[in-house]
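Undergrad: Kindly generate the corresponding structure for this input.
(2 chains)
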There are 2 protein chains.
Amino acid sequence: MSILVVGSVAFDSIETPFGKRERILGGSATYSSLAASYFTEVKVVAVVGGDFGREEEAVFIEREIDISGVERIPDGKTFSYSGVYGYDLNDRQTRATELNVFAHFQPRLDGAARRTPYLFLGNIDPVLQLDVKRQMANPRLVALDTMNYWIEGARQALQRVLREIDILIINDAEARELAEEPNLVKAAQRIRQMGPKTLIIKRGEYGAIMFDRDTIFAIPGLPLENVFDPTGAGDAFAGGFLGYLAATHNFSSAALRQAVIYGSVMASFTVEEFGCDQLRRLSYEDINARFREFKRLVHFDDIEFIRSDHPAASVTRTG
Amino acid sequence: MSILVVGSVAFDSIETPFGKRERILGGSATYSSLAASYFTEVKVVAVVGGDFGREEEAVFIEREIDISGVERIPDGKTFSYSGVYGYDLNDRQTRATELNVFAHFQPRLDGAARRTPYLFLGNIDPVLQLDVKRQMANPRLVALDTMNYWIEGARQALQRVLREIDILIINDAEARELAEEPNLVKAAQRIRQMGPKTLIIKRGEYGAIMFDRDTIFAIPGLPLENVFDPTGAGDAFAGGFLGYLAATHNFSSAALRQAVIYGSVMASFTVEEFGCDQLRRLSYEDINARFREFKRLVHFDDIEFIRSDHPAASVTRTG
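TA: The predicted structure is shown next:
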């Protein structure tokens, strides 16, 4: 089953304590489509300028991503972003945002795109997200990302699109702000009443937590010795997560939990290099090995502790 | 096997967005000994003033904690602390610290205390921590907590005591500061070269991570609907962790992982009420039920994802 990804394609200039890169290919549609491409067929809908050349195109084509839905405006410039991270890689300061051709982005889906069964709405104006959702014929599953900018500035539009989606993928602070509730469990309840049956909260180096039906699933981040650039990790998470669901076409709780792990796997690769370099050349061995690393990371044996009377202590192994 | 806990007994005044309490019983020795008391025999070495009365004593005696090593200075006042938390419960502002009798604390262990096989050195001056360690006959396992105040102001004394302990239990920021290294995996390597074979990093609502031998174990925090006061959670973690090891007397990797879960269980109860109220009246049913909640929280099935050629995708269940 294939995925339609709608979002930004950008040139990013990124500085972290570990280095600096100018005008590297980025954007939510880039990271999420690359991550999803390891699991299923992917089509991208986005807009680029005349500065988006053969080299950038090749990044998608190598991964067999369909970019026929990427609109080109030859005399415009591609969206560009510049940001800097401190030692706390969860905290990014924006230096400059030039929307360029992205300022007038009006996604128009062709017939094939409208019939795609899976849809990922990357972090763009919620008015556009709703418009895209309504162009779709009858998608099986729709996931959406957003950010504080839209929560604060376009709450009503955001709430309209939330009513029509299945899965919301945001971070801790965004969840608390959207729900206007500091406790995450209560915030999740409120957000799930706004529409999405499943809420996934991305926590950067602390991993991810999923609220689905009556259960909660949480996974820590994989501790990595080399973290260069967290840009795109959240989009790679979404791409891996939704890609896995689209490939297996199974929405059971067990499958959703595995999808969170595959999302975490793709995010973990993303941060190990600047930009999307690492996401371009993974093998299934790499991906599955890292899945198993997550399994080992959180494994512990069941036990029952019974201390009947002072000072005797007994332990019973239950599994 | 029994544990000796050395640390502070205090009167805490705590304000959080969820309420306010004046002069409630707290301190590292209080929280850690209460948590450990569910697993094994506990002796406390601390100092209190004339304001430590029958009511405070009863908290320990109810849990059969031996307080014969708690020194009383009738004309002195017990250590008192006042702090306030914002909505980010990982961040506490200190309003006032009155060391009182604690300023001249000189722990002196009697013969029985010296022969205790397990030792928890709560967060006090590393000079005193080393002095206590050296009074001990031949402890099987020594765990230590510290904080930024000592890392910044008493680094040499801290490094001396680190050489003589087995397990260091600190938070993220403290680990990075102690190692002078922002990457947690590299910081853990440096800290383990300073002495402690095992490093446990407490991450508040994000759980805990343990670096031991060549493996890493991580567990998210249990998402809780009611969090009132995080004070003491780290000490309760240490008490549950070390209490479980003392009870089972097993230091295998598997046992250490289970101990981290029992530590997390005790921490999770601590934050659900102000002060140590909840830690005073748990049942083994409560404790084991919450252990199983942690198991469910992180459970996912093994799988292998293989996508041999476009667009076929296949999934193999491996466990």
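Undergrad: Contact residues of the stretch 101-250 of chain A facing chain B?
TA: A:176, A:182-186, A:203, A:205-207, A:209, A:215-221, A:223-227, A:244, A:247-248 (CB under 8 Å from any CB of the partner chain). Where you see a C-beta, it was placed from the backbone N, CA and C, and this is true even at glycine.
Undergrad: Just the buried ones among those, please.
TA: Among these, those scoring as buried are A:176, A:182-185, A:203, A:205-207, A:209, A:216-221, A:223, A:227, A:244, A:247-248 (criterion: 16 or more other CB atoms under 10 Å in any protein chain shown).
Undergrad: Out of the residues of the stretch 101-250 of chain A next to chain B, list just those in strands.
TA: Within these, residues falling in strands by DSSP state E are A:209, A:215-219.
Undergrad: tell me the mean pLDDT over stretch A:166-178?
TA: Mean pLDDT, stretch A:166-178: 96.
Undergrad: Buried ones in it, by neighbour count?
TA: Neighbour-count burial for stretch A:166-178 [16+ other CB under 10 Å]: A:166-172, A:174-178.
Undergrad: ends of that stretch, how far apart?
TA: 17 Å (CA to CA, to the nearest Å).
Undergrad: Ok, stretch A:143-159 next?
TA: 14 Å.
Undergrad: Same check on stretch A:242-257?
TA: So stretch A:242-257: terminal residues 12 Å apart, CA to CA.
Undergrad: what residues does it touch?
TA: A:1-3, A:32, A:35-40, A:42, A:117-118, A:120, A:140-141, A:143, A:167, A:198, A:210, A:212-213, A:215, A:217, A:258-259, A:262-263, B:299-301, B:305, B:307, B:313, B:315 (CB atoms under 8 Å, 6 or more residues apart in numbering or on different chains).
Undergrad: Tell me the buried residues in that stretch?
TA: A:242-248, A:251, A:255-257.
Undergrad: Reformat those residues as CSV; add pLDDT and distance to residue A:191.
TA: Formatted as CSV, these follow (pLDDT from 0 to 100; distance: CB to CB, whole Å):
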residue, pLDDT, distance to residue A:191
A:242, 98, 18
A:243, 97, 23
A:244, 96, 23
A:245, 96, 20
A:246, 96, 23
A:247, 95, 27
A:248, 92, 25
A:251, 93, 19
A:255, 96, 22
A:256, 97, 16
A:257, 97, 19
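Undergrad: which residues in the stretch 51-200 of chain A form helices?
TA: Assigned by DSSP state H, counting those that start in this stretch, the stretch 51-200 of chain A shows helices spanning A:54-62, A:111-114, A:126-135, A:148-153, A:155-162, A:172-179, A:184-193.
Undergrad: deepest of these, which one?
TA: helix A:172-179 (a mean of 20; mean count of other CB atoms under 10 Å in any protein chain shown).
Undergrad: just checking, what packs against it?
TA: helix A:148-153, helix A:184-193, strand A:198-202 (3 or more CB pairs under 8 Å, 6 or more residues apart in numbering or on different chains; DSSP states H and E).
Undergrad: Can you pull out the residues in contact with the shortest one?
TA: Spelled out, it's strand A:198-202. A:166-172, A:175, A:184, A:188, A:191-192, A:208-212, A:233-234, A:237, A:241, A:256, A:260, A:263, A:267.
Undergrad: what angle do that strand and helix A:184-193 make?
TA: Per axes from the mean of the first three to the mean of the last three CA atoms, to 10 degrees, the angle that strand A:198-202 makes with helix A:184-193 is 130 degrees.
Undergrad: Sheet partners, orientation included, of strand A:198-202?
TA: strand A:167-171 (parallel), strand A:208-212 (antiparallel) (DSSP bridges).
Undergrad: quick one: contacts for residue A:162?
TA: A:144, A:168, A:191, A:194-196.
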